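In: just the structure for this:
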Amino acid sequence: MYKRQADNSPTNDYVLKAKSSATGGLTWGTSTAGGGYTQSGSTVTPTAGQDNIEFTIPTGSNKILVTFFAVKCNSAGNSMILQLSDDSAFKTSGYHNNSWYATGTSFSGVNYNTAGGQFSDWSNTAFYGTAEWASPDAGRHWLYKMHSSLQGSNYFIESYGHVDLGSGKDCRKIRFHTTSGSGFTSTSIVSVYYMKMEQ
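Out: Below is the predicted model of the structure:
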């Protein structure tokens with residue numbers, strides 16, 4: 001019978017990893033390969049009119065999951081936008097973003113914009129949905145898709161796009177923003193999760 005040895009004590013939810021300098025060549029540690037999403041801070045329910053709701057993303061993350069429930073702009077004619085930041089500033093232009101909506105068998109396109117991942121305002125209607133962001137190079141280039149249903153209707157809207165944060169830059173924050181800065185209603189619930197998939 002072979003007895004495995006590790007150089008530290010086990011901890012709940014840890015996995016055994018190879019470590020050449022360890023006794024028996026093993027150590028207990030956290031899983032870094034597809035171990036699931038980690039929540040970025042707390043779920044946020046904004047105060048009426050609160051804008052620029054920000055969530056921190058650790059360096060090197062390459063997957064971001066955004067969830068939103070009853071996200072509604074505080075003023076009609078505004079749009080919900082998701083924007084990424086490097087260490088110094090949020091990127092407010094240069095996104096490739098296109099979206100479409102559907103009801104029954106009817107499909108229509110929505111205007112292209114460069115301000116961020118965006119859902120255009122629908123007569124001050126609440127959005128319920130998710131946004132998934134993925135980076136092939138641990139933080140500079142991002143691809144995204146957003147899905148949402150609209151409150152009290154049979155409409156669905158989707159948005160797709162990509163953005164390049166620039167040479168040497170890495171996503172460190174993501175924020176909920178409105179086009180005119182009027183913010184969101186207090187009925188909104190937003191959460192952000194991140195992970196690093198090993199490449």
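In: for the rest of this, base every contact and every neighbour count on C-alpha atoms.
Out: OK.
In: against Val71, how distant is Ser148?
Out: Look at Ser148 and Val71: by CA to CA, to the nearest Å, they are 10 Å apart.
In: hey, what's in contact with both of these two?
Out: Common contacts of Ser148 and Val71 (CA atoms under 8 Å, 6 or more residues apart in numbering): Phe127, Tyr128.
In: among these two, which residue is more densely surrounded?
Out: The neighbour comparison of Ser148 against Val71 (other CA atoms under 10 Å) goes to Val71, with 26 against 21.
In: what's the neighbour count on the residue lying closest to the more buried one once chain neighbours are set aside?
Out: Distances taken as CA to CA, 6 or more residues apart in numbering place Ser188 nearest to Val71, at 4.4 Å, with adjacent residues excluded. Applying other CA under 10 Å, we find 20 residues neighbouring Ser188.
In: show me what contacts Ser188?
Out: Thr45, Pro46, Phe68, Phe69, Ala70, Val71, Lys72.
In: again, only this time at 10 Å
Out: 44-48, 68-73, 126-128 (CA atoms under 10 Å, 6 or more residues apart in numbering).
In: Ser191 now?
Out: Here Ser191 is in contact with 39-45, 54-55, 65-69, 130 (CA under 10 Å, 6+ apart).
In: so which strand or helix has it?
Out: strand 189-195 (DSSP states H and E).
In: now do that strand, average pLDDT.
Out: Taken as a whole, strand 189-195 has an average pLDDT of 95.
In: what does stretch 58-67 give?
Out: 94.
In: just the C-alpha atoms of it, please, in PDB.
Out: The C-alpha atoms that make up stretch 58-67 are tabulated as PDB, following Å, rounded to 0.1, in the frame of the first residue of the first chain:
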ATOM      1  CA  PRO A  58      -8.500  40.700 -10.100                       C
ATOM      2  CA  THR A  59      -5.600  40.900 -12.600                       C
ATOM      3  CA  GLY A  60      -5.300  38.000 -15.000                       C
ATOM      4  CA  SER A  61      -9.000  37.100 -14.900                       C
ATOM      5  CA  ASN A  62     -10.300  35.900 -18.200                       C
ATOM      6  CA  LYS A  63     -14.000  35.200 -17.600                       C
ATOM      7  CA  ILE A  64     -16.600  37.600 -16.200                       C
ATOM      8  CA  LEU A  65     -20.300  36.800 -15.500                       C
ATOM      9  CA  VAL A  66     -22.700  39.700 -14.900                       C
ATOM     10  CA  THR A  67     -26.300  39.100 -13.600                       C
END
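In: that stretch: which residues count as buried?
Out: Thr59, Gly60, Ser61, Asn62, Lys63, Ile64, Leu65, Val66, Thr67 (16 or more other CA atoms under 10 Å).
In: and stretch 68-85, by the same measure?
Out: 68-75, 78-85.
In: just the closest of these to Ser106, please.
Out: Of all the buried residues of stretch 68-85, Ser106 sits closest to Ser79, with 22.2 Å by CA to CA.
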